[in-house]
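Asker: my questions concern the predicted model and sequence given below.
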Amino acid sequence: MIAISVSDAWRKTHLQALIGVLEVSGVDNTLPSPVLDERKRAVEARLRERYKGFSRAEFVAAPVLADYARYYRSFEKTYHVQL
């Protein structure tokens, strides 16, 4: 199990922050998975359709992306997904 701890300073800086971890072991994912590939392409198609025509500003205004953009901006960076 991965141990994660945060400081009081982190808690104060990121008041509503959450951390999620998924640890998986004993899985062989080296073989191709046509079913998984099909599902990934379907998700990609839905996202492309849903956000077709969005400007960069509209993406950054979306609630979750806005949080990421604000966080990265504090380090004078841009959120990599935004690029």
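Answerer: Ah, there it is.
Asker: now do the helices in the chain.
Answerer: 8-13, 34-50, 56-61, 63-73 (DSSP state H).
Asker: and these as CSV, adding mean neighbour count and distance to residue 20?
Answerer: Every residue, glycine included, has its C-beta placed from N, CA and C. What follows is those, written out as CSV (neighbours: other Cβ atoms under 10 Å; distance: least, Cβ to Cβ, whole Å):
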stretch, mean neighbour count, distance to residue 20
helix 8-13, 9, 15
helix 34-50, 10, 19
helix 56-61, 12, 22
helix 63-73, 13, 13
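Asker: redo these as TSV? Include mean pLDDT and distance to residue 24.
Answerer: Shown next, in TSV, are the helices of the chain (pLDDT from 0 to 100; distance: least, Cβ to Cβ, whole Å):
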stretch	mean pLDDT	distance to residue 24
helix 8-13	92	26
helix 34-50	96	14
helix 56-61	86	30
helix 63-73	85	24
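Asker: stretch 16-23: end-to-end distance?
Answerer: Separation of the first and last residues of stretch 16-23 by Cα to Cα, to the nearest Å is 23 Å.
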